[in-house]
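# fold the following for me, if possible:
(one chain, ligands or ions: 1)
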Amino acid sequence: MPTLIELGREARGCVACPLAAGRTQVVFGVGDPTASLMFVGEAPGREEDLAGEPFVGRSGKLLDRLIAEELGLERRECYIANVVKCRPPGNRDPLPLEVATCRHYLEEQVELISPRVVVTLGNFASRTLLGRSEGVTKLRGQSYPFLTGVIVPTFHPAAALRGGGVVLAQMRADLVRAKHALAGTPEPSADV
Ligand code: URA
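Sure thing, here's the model as predicted:
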């Protein structure tokens, strides 16, 4: 197993799928390599492709705010990555071939970081990491055993930006669940 730095270097030179041709930068991941809490999104957007860092656009600003307000943490204290490391053209969903080619990076990241809690952001990350076909609306509201910890599925911050108050309140509740899972205290049973 490579180190996280070696894995990042490998990803930055990756040309294993067609997304390599259209990218500005590989967006491998950012944050504390020993974090207890990891966030996983879908794929880089335009701003992330330019910056080489996940969740730096509007969704990222909201994510940073929720991490601070609900978990009392700063972004740099967590680890943030995406399922797919290169930007799909026009922000379309990644194709099955692209996910199949790229997912070993995420799997190795999760193994190397070994977080206690992985928060999956949106349908795509939640389905991919849980291996389930239901959407996040169905999957959220509980945690799922995963490697040495749990997965807590929640909405993508872009959905909260679009959907407003109810989605945002549900995201906040999911992050409270993640906080309890991190602390080892009983997770709330009641759902928003
Ligand atoms: N949306 C994602 O899923 N990931 C990012 O890094 C940015 C937006």
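# helix or strand for the most centrally placed residue in the chain, just tell me which one.
Centroid-nearest residue in the chain, with C-alpha atoms, centre = their mean: Val40, separated by 1.0 Å. In the assignment (DSSP states H and E), Val40 maps to strand 37-41.
# residues in contact with that strand?
Residues from elsewhere that reach strand 37-41 (C-beta atoms under 8 Å, 6 or more residues apart in numbering): 31, 54-55, 59, 63, 67, 71, 73, 77-83, 106, 109-110, 113, 115-122, 125, 129, 156, 178, 182. (C-beta placed from N, C-alpha, C; glycine too.)
# counting only helices, which of those make the cut?
Using DSSP state H, the subset of the contacts of strand 37-41 located in helices is 59, 63, 67, 71, 106, 109-110, 113, 122, 125, 129, 178, 182.
# and those near the ligand, which?
For the ligand, the contacts drawn from the ones in helices among the contacts of strand 37-41 by C-beta under 6 Å from any ligand atom are Ser59.
# okay, the ones in helices among the contacts of strand 37-41 in TSV with neighbour count and pLDDT next?
Listed next are those as TSV, based on neighbours: other C-beta atoms under 10 Å; pLDDT from 0 to 100:
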residue	neighbour count	pLDDT
Ser59	23	97
Leu63	27	98
Ile67	21	98
Leu71	18	98
Leu106	23	97
Gln109	23	98
Val110	21	97
Ile113	21	97
Gly122	21	97
Ala125	27	96
Leu129	20	96
Ala178	25	98
Leu182	18	97
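# quickly note the distance from the residue of the chain found nearest the ligand to Ala21.
For the chain, the residue closest to the ligand is Gly41, as judged by C-beta to the nearest ligand atom, at 2.9 Å. To Ala21, Gly41 is 22 Å away according to C-beta to C-beta, to the nearest Å.
# higher neighbour count, the two?
Set Gly41 next to Ala21 and count neighbours by other C-beta atoms under 10 Å: Gly41 wins out with 27 against 9.
# just grab the bridge partners of the more buried one for me.
For Gly41, the beta-bridge assignment (DSSP bridges) gives partners Asn82.
# what does this protein put close to the ligand?
Gly41, Glu42, Ala43, Pro44, Gly45, Glu48, Pro54, Phe55, Ser59, Asn82.
# whichever of those residues end up buried, select them in PyMOL.
Here is the PyMOL command that picks out the buried ones among those, judged by 16 or more other C-beta atoms under 10 Å:
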select buried, resi 41+42+43+44+45+48+54+55+59+82
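# now, which of the residues of the chain next to the ligand sits nearest Thr101?
Using C-beta to C-beta, Ala43 is the member of the residues of the chain next to the ligand that lies nearest Thr101, at 12.6 Å.
# which residues sit in contact with that closest one?
Counting by C-beta under 8 Å, 6+ apart, Ala43 has contacts Asn82, Val83, Val84, Lys85, Cys86, Arg87, Pro88, Asp93, Pro94, Phe124.
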